[in-house]
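Colleague: Predicted model follows, preceded by the sequence.
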Protein chains: 2
Amino acid sequence: MRWEELDQQPCSLARTLSVVGDRWTLLVLRDCFLGVRRFDDFEARLGVTRHVLADRLKRLVEAGVLAKVPYQERPRREEYRFTEKGRDLYQAVMALVSWGDRYMAGAEGAPIRHRHKGCGQVMHGVLVCSECGEPLVPKEIELEEAPEWQGQLLPAHRHARSVEG
Amino acid sequence: MRWEELDQQPCSLARTLSVVGDRWTLLVLRDCFLGVRRFDDFEARLGVTRHVLADRLKRLVEAGVLAKVPYQERPRREEYRFTEKGRDLYQAVMALVSWGDRYMAGAEGAPIRHRHKGCGQVMHGVLVCSECGEPLVPKEIELEEAPEWQGQLLPAHRHARSVEG
DNA sequence: CCTTCGAGTTCCAAAAAAGAACTAACAAAT
DNA sequence: ATTTGTTAGTTCTTTTTTGGAACTCGAAGG
């Protein structure tokens, strides 16, 4: 399977990864959330080659995650800004950051702390159920295939014991 | 910057991506959450080459996300199971899935629905503040660099107006 | 002895990334 | 008028990573 086929898969994770499933893309989005908007600023902060950066920005624009908006004419210059679709990736990015804070930080702790203006506390992200607000754990979620995919998406559990095993 | 340098970066997202920052790795984890445990089952479901699959599984084991546990001797066979560190990636994976359900699903809707056993409802993941429980939005989060990195991690905002712009 | 199973490894061709230099369209300085 | 600087890329060559298919190892079964 190649990049081009990923977004055709009947799987929301695969489809999401067809947009953000590579390390540079997610680092570009991280910098967008930090307020970076311009080509040369991305390049300087990321240490990515200009070639790859140009490609990733183009893909993100095509995917509707970022938009090029002009900030001057003569010469025309454009910067990259989030669309709503892009800004909604915040939760996914924060979930990845929270995992990294917990499992990949050295002895000194996380390099960046997040303070929630609403409550004033240093916090991390917790994923909860949209309906009842309880934190999500794998074994509490039951999966239901949409009718048109019955029996095609979930594994047959030939050997598996359980999700938590 | 290459894979090998990513985990040295003072950024929890970069460090997380040094483990899961590629499309195959995250699809392997998806299947793990669905109960897949064995090499040939991953290969059949993913459509990845055995070569790359072997590499990704090895990386995940080295990172402490999966563990090889024997399920028979003579001949010895091992399967891949989550560690706690790995199982805690569930929130990040679900956040990516929720975004895909919302923005990448076709007219027929998401291929898989998630029902929360606790409340019985079809749900999606919502990332909330660990301290006050409010859903996270970018502009409500204030970033604070750890003392040893003062001024080195966050951009200078030479041109940027605001995170939401 | 020959085949099957499970979990890989090996080999070659094709695609993608790294790294560095170059271009276009202008503005400002010498 | 020519040189220098800025921004956002493109082009070129070398190295690395994938894709695709075949092959190996250790054992069990017929």
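Modeller: Done, it's in.

Colleague: Could you check the helix or strand of chain A with the lowest mean pLDDT and say which residues are buried?
Modeller: Taking mean pLDDT, DSSP states H and E as the measure, chain A has helix A:3-6 as its least confident helix or strand, at a mean of 77. Neighbour-count burial for helix A:3-6 flags residue A:6 (criterion: 16 or more other CB atoms under 10 Å in any protein chain shown). C-beta coordinates here come from the backbone N, C-alpha and C atoms, glycine included.

Colleague: so who does residue A:23 touch?
Modeller: B:3, B:6, B:14, B:17-18, B:21-22 (CB atoms under 8 Å, 6 or more residues apart in numbering or on different chains).

Colleague: how much space is there between the residue nearest to residue A:142 when sequence neighbours are not counted and residue B:124?
Modeller: Spatial nearest neighbour of residue A:142, chain neighbours left out: residue B:115 (4.4 Å); criterion: CB to CB, 6 or more residues apart in numbering or on different chains. Residue B:115 is 11 Å from residue B:124, where distance means CB to CB, to the nearest Å.

Colleague: In terms of neighbours, single out the busier of the two.
Modeller: A count of neighbours by other CB atoms under 10 Å in any protein chain shown puts residue B:124 above the other of residue B:115 and residue B:124, at 21 against 16.

Colleague: That one against residue B:98, yeah?
Modeller: Yes: Residue B:124 is within contact range of residue B:98, at 4.4 Å (criterion: CB atoms under 8 Å).

Colleague: Of all pairs in the contacts of residue A:23, which one is the farthest apart?
Modeller: Spatial extent of the contacts of residue A:23 (CB to CB) is set by the pair B:14 and B:22 at 13.4 Å.

Colleague: Give me the neighbour count for residue A:96.
Modeller: By other CB under 10 Å, neighbour count at residue A:96 equals 27.

Colleague: Shouldn't it be within a helix?
Modeller: Yes: under DSSP: H, G, I helix; E, B strand; the rest coil, residue A:96 falls within a helix.

Colleague: now, which of the contacts of residue A:23 lie within helices?
Modeller: B:3, B:6, B:14, B:17-18 (DSSP state H).

Colleague: what would those residues look like in CSV with distance to residue A:42?
Modeller: Output for those, formatted as CSV (distance: CB to CB, whole Å):
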residue, distance to residue A:42
B:3, 19
B:6, 16
B:14, 14
B:17, 16
B:18, 19
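
Colleague: nearest to residue B:151, of the residues you listed?
Modeller: Distance to residue B:151, by CB to CB, is smallest for residue B:14 among those, at 18.3 Å.

Colleague: in chain A, which spans are strands?
Modeller: Ranges of strands in chain A, per DSSP state E, are A:66-72, A:77-82, A:112-116, A:122-123, A:125-129, A:141-145.

Colleague: which of those strands sits most buried?
Modeller: strand A:125-129 (a mean of 22; mean count of other CB atoms under 10 Å in any protein chain shown).

Colleague: wait, does that one contact chain B?
Modeller: Yes: among the residues of strand A:125-129, A:125-129 lie within reach of chain B under CB under 8 Å from any CB of the partner chain.

Colleague: where in chain A is pLDDT low?
Modeller: Applying pLDDT under 70 to chain A flags the ranges A:1-2, A:157-165.

Colleague: which parts of it sit against DNA strand C?
Modeller: Within chain A, the residues that sit near DNA strand C (CB under 7 Å from any atom of the strand) are A:2-3, A:22, A:24, A:48-52, A:55, A:74-75.

Colleague: of residue B:14 and residue B:22, who's got more company?
Modeller: residue B:14 (24 against 18).

Colleague: how close does the more buried one sit to residue B:32?
Modeller: Taking CB to CB, one finds residue B:14 at 23 Å from residue B:32.

Colleague: what's the answer for residue A:11, then?
Modeller: Counting by CB to CB, the gap from residue A:11 to residue B:32 is 14 Å.

Colleague: what does residue A:125 give?
Modeller: Taking CB to CB, one finds residue A:125 at 22 Å from residue B:32.

Colleague: got it, and residue A:52?
Modeller: Taking CB to CB, one finds residue A:52 at 29 Å from residue B:32.

Colleague: Equivalent analysis for residue A:150, please.
Modeller: Residue A:150 is 23 Å from residue B:32, by CB to CB.

Colleague: Quick check on the two: which one has the bigger neighbour count.
Modeller: Under the criterion of other CB under 10 Å, the comparison of residue A:150 against residue B:32 puts residue B:32 first, with 25 against 10.

Colleague: That'll do, ta.
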